[in-house]
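Novice: The sequence and its predicted three-dimensional model are supplied below.
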Amino acid sequence: MSYFSTRPNARLMPSKPAKSAAAFNALKRDIMLGVLPAGASLTELELAAHFGCSQGTVREALLQLQEEGLVLRQGHRGTQVSECTEDEAVEMFRVRRQIECNGILRVVQAPSRTLFSDLNALFDEMMDAAHRDDELELASADRDFHRRIFQDARLPALDPILHRCLVHNHRFKISRSTAPRDLVATAQRHAAIIEAIESGDVARANAALLHHIATIVDLGPSVFPDVVQ
């Protein structure tokens, strides 16, 4: 399956960076929502014609997608949408838990001056996206929320790893949805994290974040056996 059998329209942009961003955002959206399934081929020449840009610009977009783990670039075999398996999801959730829960200990001890205003603004963005029934925008603000918390842990080398885990978690969650989800409830789940960090109680903040991660998708007690689901 090619990209063009699922996405007939493209939005042309005026400059190379903007065109690269447009291609990246359009492809990412379709991968995250499952419009482009695992194994779908993405050809630079066809994508360049579709988005009205050069192959170099398309290549930039594909490299960004590769960095987020959404495509596999395999030399002469071309580029395909990556798999999104439960085995990978389980390991990604475990890695994410390790990074975020270790980071929250550092955050609570020395939060930055703008942390809470930033988190509240991102919470408002999530609520707005939820009320507009825009699951992908909600997921994007959700990722920004968690990365903003981790920013105050001052462990920047781990941020790209966390980002990839967050992207994969959201893609897996969306792929597992068999019925419309309550997006407002999904957004509201983050309020408890803000309150726990504001309390200054390290144990409370750690417990709130751990429970949040462990209950994103029901993968069973074998993944997080120490958390009440």
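Specialist: Happy to help now that I have it. Numbering: from 1, shown residues only.

Novice: C-alpha from now on. contacts and neighbour counts both.
Specialist: Will do.

Novice: Please, which helix or strand holds the spatially most central residue of the chain?
Specialist: Geometric centre of the chain, nearest residue: Val167, 2.7 Å, by CA atoms, centre = their mean. Per DSSP states H and E, Val167 falls inside helix 159-176.

Novice: Give me the contact list for that helix.
Specialist: 31-34, 67-70, 84-86, 89, 92-93, 95-96, 99-100, 139, 143, 147, 150-151, 216-217 (CA atoms under 8 Å, 6 or more residues apart in numbering).

Novice: which of those residues count as buried?
Specialist: By neighbour count, with 16 or more other CA atoms under 10 Å, these hold 31-33, 68-70, 84, 89, 92-93, 96, 99-100, 139, 143, 147, 150-151, 217 as buried.

Novice: Check which helices and strands the strand or helix carrying Asp128 sits against.
Specialist: Here Asp128 sits within helix 115-131, counting by DSSP H and E. Based on contacts counted as 3 or more CA pairs under 8 Å, 6 or more residues apart in numbering; DSSP states H and E, the elements that helix 115-131 packs against are helix 135-151, helix 183-188, helix 191-198.

Novice: roughly how far apart are the residue nearest to the centre of the chain and Thr43?
Specialist: According to CA to CA, to the nearest Å, Val167 stands 23 Å off from Thr43.

Novice: Next: Glu100.
Specialist: 36 Å.

Novice: again, but for Gly200
Specialist: 51 Å.

Novice: now do Ser82
Specialist: The value you get for Ser82 to Thr43, if CA to CA is used, is 14 Å.

Novice: Ok, Leu158 next?
Specialist: Distance from Leu158 to Thr43, by CA to CA: 32 Å.

Novice: Same question for Leu65.
Specialist: 14 Å.

Novice: Neighbour count: these two, which is higher?
Specialist: Leu65 (21 against 17; other CA atoms under 10 Å).

Novice: Can you list the low-confidence ranges for this structure?
Specialist: 1-17, 218-229 (pLDDT under 70).

Novice: Quick check: longest helix in it by residues?
Specialist: As assigned by DSSP state H, the longest helix anywhere in the chain is helix 86-109.

Novice: quick check: angle from it to helix 159-176?
Specialist: 130 degrees (axes from the mean of the first three to the mean of the last three CA atoms, to 10 degrees).

Novice: Show me what helix 86-109 is packed against.
Specialist: helix 135-151, helix 159-176, helix 202-214.

Novice: Tell me which residues of the last one come out buried.
Specialist: Translated: helix 202-214. Quick answer for helix 202-214 (16+ other CA under 10 Å): 202, 204-206, 208-214.

Novice: before we move on, what about the longest one?
Specialist: Judged by neighbour count using 16+ other CA under 10 Å, the buried positions of helix 159-176 are 159, 161-172, 174.

Novice: starting at the chain centroid, how far to stretch 44-52?
Specialist: 25 Å (CA atoms, centre = their mean, to the nearest Å).

Novice: same question but for stretch 40-50, I mixed them up
Specialist: The answer for stretch 40-50 is 24 Å, by CA atoms, centre = their mean.

Novice: Please apply the same query to stretch 120-138.
Specialist: Distance, stretch centre to chain centre, for stretch 120-138: 14 Å (CA atoms, centre = their mean).

Novice: Spell out the secondary structure type for the residue of the chain most remote from its centre.
Specialist: Distance from the centre of the chain peaks at His76, with 28.8 Å (CA atoms, centre = their mean). Each residue gets one of three states, and His76 gets helix by DSSP: H, G, I helix; E, B strand; the rest coil.
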